[in-house]
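Provide a 3D model corresponding to the input given below.
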Amino acid sequence: MSQNSKPGFTNKKMNNKKRKCWDFVMSSFARSYGVKKIMAEEKFHEIALFWCDENEIEKYKTLEEYDRYFKELYENWT
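Sure, this is the predicted structure:
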């Protein structure tokens with residue numbers, strides 16, 4: 001299933017900065033959960049879009065720190 005076929009989800013309207021952020025968050029989720037799972041579950045997309053609206057990627061953090069952070073965010077998302 002492509003990203004654009006998700007109900008209520010579109011990335012065509014994202015500006016370049018937000019798209020890069022969304023790609024970064026989704027790649028973190030893919031490392032933790034696998035591509036098939038993150039593409040099948042809308043919750044991952046929702047979290048990434050929300051997070052990118054409220055935050056910016058900090059250059060000093062490592063990928064491992066982000067992966068742990070986003071995994072915890074996913075597990076506690078209501």
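
And Ser2, what's its pLDDT?
pLDDT for Ser2: 43.

can you check Asn11 too?
With respect to pLDDT, Asn11 has a value of 54.

just checking, Tyr74 touches Lys43?
Yes: checked against Cβ atoms under 8 Å, the pair Tyr74 and Lys43 is within contact range at 7.2 Å. To be clear about C-beta, it is placed using only N, CA and C from the backbone, and glycine gets the same treatment.

These two: which has the busier surroundings?
Taking Tyr74 and Lys43 together and counting by other Cβ atoms under 10 Å, Tyr74 has the greater number of neighbours (18 against 11).

where's the more buried one relative to Tyr60, distance?
Remark: distance between Tyr74 and Tyr60 (Cβ to Cβ, to the nearest Å) = 23 Å.

and if you look at Lys13?
30 Å.

tell me the pLDDT at the residue located most distally from the centre of the chain?
The outermost residue of the chain, judged against the average C-alpha position, is Tyr60 (18.9 Å), by Cα atoms, centre = their mean. Turning to Tyr60, the model gives it a pLDDT of 82.

That one is in what secondary structure piece?
Take DSSP states H and E as the rule and Tyr60 turns out to sit in neither a helix nor a strand.

give me phi/psi at it?
When quoted as degrees, to the nearest 10, the phi and psi of Tyr60 stand at phi -80, psi -10.
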